[in-house]
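Enquirer: Below are the sequence and a predicted model; questions follow.
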Amino acid sequence: MKDFADNVRSVVRQIPKGQTATYGTVAAMAGKPGAARAVGTIMKNNFDPTVPCHRVIRSDGKIGEYNRGGPEAKRKLLESEGAI
């Protein structure tokens, strides 16, 4: 899983400010289509400030959880970047 986790973090680092990607899109770009839940777990445990995990959202358009202050903190970050 470590290689996949590294790939996930690399993909997420490439999401530009002002944009988002779904957990499923990140999983596919990291080499494991269908591993959206695993991406969520990796992001849940991410505390590396170089990985903008707040830019990863659910496929239904909801922003999802955020390990650094909950959904409201995530929403504020996305709004400040112009992503929503």
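Expert: Right, received. Where do you want to start?
Enquirer: burial count for residue 32?
Expert: 16 (other CB atoms under 10 Å). Just so you know, the C-beta spots here come from the backbone N, C-alpha and C atoms, and that holds for glycine as well.
Enquirer: Please determine how far it is located from residue 81.
Expert: Here residue 32 is placed at a distance of 27 Å from residue 81 (CB to CB, to the nearest Å).
Enquirer: quick one: average pLDDT of the host helix or strand of residue 26?
Expert: In this structure, residue 26 sits in helix 23-29 according to DSSP states H and E. What helix 23-29 shows for mean pLDDT is 98.
Enquirer: What is it packed up against?
Expert: helix 2-13, helix 36-44, strand 56-57 (3 or more CB pairs under 8 Å, 6 or more residues apart in numbering; DSSP states H and E).
Enquirer: List of residues touching that helix?
Expert: Defining contact as CB atoms under 8 Å, 6 or more residues apart in numbering, one finds that helix 23-29 is touched by 8, 11-12, 21, 33-40, 43, 56-59, 64.
Enquirer: burial of the closest residue in space to residue 77 that isn't next to it in sequence, as a residue count?
Expert: When the adjacent residues along the chain are set aside, residue 77 lies closest to residue 54, with 4.6 Å between them (CB to CB, 6 or more residues apart in numbering). Counted with other CB under 10 Å, the neighbours of residue 54 add up to 24.
Enquirer: Residue 58 too?
Expert: Residue 58 - counted by other CB under 10 Å - has 15 other residues nearby.
Enquirer: That one: what's it in contact with?
Expert: If you count contacts by CB under 8 Å, 6+ apart, then residue 58 has 22-23, 64 around it.
Enquirer: for those, which one is nearest residue 4?
Expert: residue 23 (13.1 Å; CB to CB).
Enquirer: Would you mind giving me the confidence score for the closest residue to the closest one other than its chain neighbours?
Expert: Leaving out its chain neighbours, the residue that sits closest to residue 23 by CB to CB, 6+ apart is residue 36, at 3.9 Å. pLDDT recorded at residue 36 is 97.
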